[in-house]
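[1] my questions are about this predicted structure, shown below with the sequence.
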Amino acid sequence: MSSSPAVLMRLVASSFTIAEKAATIVRNVMSGGDLGIVEKSGVDDLQTKADRLAQQSICASLSRKFPKVTVIGEEELPSENVSEELIESGQNEEILKYPCPSQYDCIKEEELVVWVDPLDGTKEYTEGLLDHVTVLIGIAYEGKAIAGVINQPYYNYEAGKGAVLGRTIWGVLGIGAFGFQLKELPAEKHIVTTTRSHGNKLVNDCVTAMNPHSVIRVGGAGNKIIQLIEGKASAYVFASPGCKKWDTCAPEAILHAVGGKLTDMNGNAYQYHKDVKYMNSAGVLAALRNFDYYASHVPESVKQALK
């Protein structure tokens with residue numbers, strides 16, 4: 001190992017503290033009372049002041065510290081000087097104690113792409129469903145999601161006085177994932193988590209085809225992956241275009257770091273190159289264990305519709 005930590009580990013360590021800063025911004029906007037909601041491209045495609053400020057904070061902080069890394073954020077924002085109070089320059093020292101996996105030890109800054117969703121679950125945020133909300137920072141190399149940070153700004157928010165609010169989960173392929181208690185459901189227990197607000201016939205037909213014992217409908221891709229790694233659901237099924245690369249990069253890296261799998265509905269891996277199209281056009285299928293069971297139950301009609 002080199003005398004100073006590899007760029008990947010430094011980027012993850014910085015992303016950890018940057019995500020925590022973004023979470024503080026998200027909470028401050030909510031407590032301030034003015035969410036500054038605008039509609040972007042259609043019904044239920046919302047953007048708030050928290051989305052805008054958190055993205056400015058994340059992207060500017062990353063770009064200042066890692067100027068050669070490509071950073072792609074969800075929100076289209078005018079290029080303007082970002083206030084110094086939004087900049088986070090710290091890093092998580094515990095993460096830097098982990099040796100970088102040998103296959104990533106010599107990565108150069110310019111070879112990394114970071115996908116940022118500053119507030120995943122915006123609709124739920126505006127409706128007060130705060131436990132659905134996450135901040136996502138995903139790191140890709142050679143088109144593959146290899147590391148990620150998921151912050152839950154409102155984790156524990158209903159736990160009452162004295163509870164620590166918020167938590168940050170991080171993971172790197174070849175090291176594992178941390179910040180939560182990994183649990184898995186018995187293989188014979190089929191609990192599907194799926195979209196709360198973007199359902200349609202295709203989605204519902206696919207969920208039904210899984211023969212689930214129960215279905216959990218929640219917002220946010222980050223939140224759904226947390227359902228899998230904490231043993232609340234066994235599969236994440238979204239048979240529709242709709243989510244984007246910034247929704248899935250960090251969650252996929254966390255899931256893969258603990259042995260799970262995420263693909264499109266046809267079983268193809270998603271690519272995270274800087275020039276790739278943003279839309280995950282062929283939907284999302286993910287599971288911590290027993291992925292093949294769910295893949296084998298995807299109806300042919302769904303596969304054809306999402307080719």
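    It's in.

[2] low-confidence ranges in the stretch 151-300 of the chain?
    199 (pLDDT under 70).

[3] tell me where it has helices.
    Taking DSSP state H, counting those that start in this stretch, the helices of the stretch 151-300 of the chain run over residues 201-209, 221-229, 245-257, 291-296, 300-305.

[4] what residues of the first one count as buried?
    When neighbours are counted by 16 or more other Cβ atoms under 10 Å, the buried residues of helix 201-209 are found to be Leu202, Val203, Cys206, Val207, Ala209. For the C-beta atoms, the positions are set from N, CA and C on the backbone; glycine is no exception.

[5] likewise for the third one?
    Under the neighbour-count criterion of 16+ other Cβ under 10 Å, helix 245-257 has 245-257 buried.

[6] can you lay out these as JSON lines showing distance to Arg167?
    Converted to JSON lines, these look like this (distance: Cβ to Cβ, whole Å):
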{"residue": "Lys245", "distance to Arg167": "24"}
{"residue": "Trp246", "distance to Arg167": "20"}
{"residue": "Asp247", "distance to Arg167": "20"}
{"residue": "Thr248", "distance to Arg167": "20"}
{"residue": "Cys249", "distance to Arg167": "20"}
{"residue": "Ala250", "distance to Arg167": "14"}
{"residue": "Pro251", "distance to Arg167": "15"}
{"residue": "Glu252", "distance to Arg167": "19"}
{"residue": "Ala253", "distance to Arg167": "17"}
{"residue": "Ile254", "distance to Arg167": "13"}
{"residue": "Leu255", "distance to Arg167": "17"}
{"residue": "His256", "distance to Arg167": "20"}
{"residue": "Ala257", "distance to Arg167": "17"}
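
[7] so what's the residue count around Thr24?
    17 (other Cβ atoms under 10 Å).

[8] to the chain's geometric centre, what's the distance from the helix or strand containing it?
    Here Thr24 sits within helix 7-32, counting by DSSP states H and E. Centroid displacement of helix 7-32 relative to its chain, using Cα atoms, centre = their mean, to the nearest Å, is 13 Å.

[9] report all helices and strands that it contacts.
    helix 49-65, strand 112-120, strand 134-141, strand 144-152, strand 167-172 (3 or more Cβ pairs under 8 Å, 6 or more residues apart in numbering; DSSP states H and E).

[10] do you know which of the helices of the stretch 151-300 of the chain lies nearest Ile87?
    Among the helices of the stretch 151-300 of the chain, helix 245-257 comes nearest to Ile87, with 20.7 Å by Cβ to Cβ.

[11] which one of the buried residues of helix 245-257 is nearest Ser57?
    Trp246 (15.2 Å).

[12] I'd say the closest one and Glu75 touch.
    No. Counting by Cβ atoms under 8 Å, Trp246 does not reach Glu75; the two are 9.6 Å apart.

[13] tell me the contacts of the residue lying closest to Gly220 once chain neighbours are set aside?
    Of all residues not flanking Gly220 in the chain, Gly121 sits nearest, at 3.3 Å (Cβ to Cβ, 6 or more residues apart in numbering). Applying Cβ atoms under 8 Å, 6 or more residues apart in numbering to Gly121 gives the contacts Leu129, His132, Val133, Thr134, Gly219, Gly220, Gly222, Asn223.

[14] need the pLDDT of the third one.
    At Val133, the pLDDT value in this model is 97.

[15] now it. Nearest residue, chain neighbours left out?
    Spatial nearest neighbour of Val133, excluding adjacent residues (Cβ to Cβ, 6+ apart): Gly121 at 4.4 Å.

[16] before we move on, what about the first one?
    Leaving aside its chain neighbours, Leu129 sits nearest to Gly219 (6.4 Å; criterion: Cβ to Cβ, 6+ apart).

[17] and the last one, by the same measure?
    Leaving out its chain neighbours, the residue that sits closest to Asn223 by Cβ to Cβ, 6+ apart is His132, at 4.9 Å.

[18] Provide the backbone phi and psi angles at that neighbour.
    With angles defined as degrees, to the nearest 10, His132 sits at phi -80, psi -20.

[19] tell me who's in contact with it.
    Residues in contact with His132 (Cβ under 8 Å, 6+ apart) are Gly121, Glu124, Tyr125, Arg196, Val218, Gly219, Gly220, Asn223.

[20] what's the answer for Asp34, then?
    By Cβ under 8 Å, 6+ apart, the contact set of Asp34 is Lys49.

[21] quick check: Glu184 touching Gly231?
    Yes. Using Cβ under 8 Å, Glu184 is in contact with Gly231, at 5.4 Å.

[22] ok, Glu188 to Ile216 distance?
    Glu188 sits 18 Å away from Ile216, taking Cβ to Cβ, to the nearest Å as the criterion.

[23] what about these two, which has more around it?
    Here Glu188 and Ile216 are compared on neighbour count by other Cβ under 10 Å; more neighbours surround Ile216, at 16 against 9.
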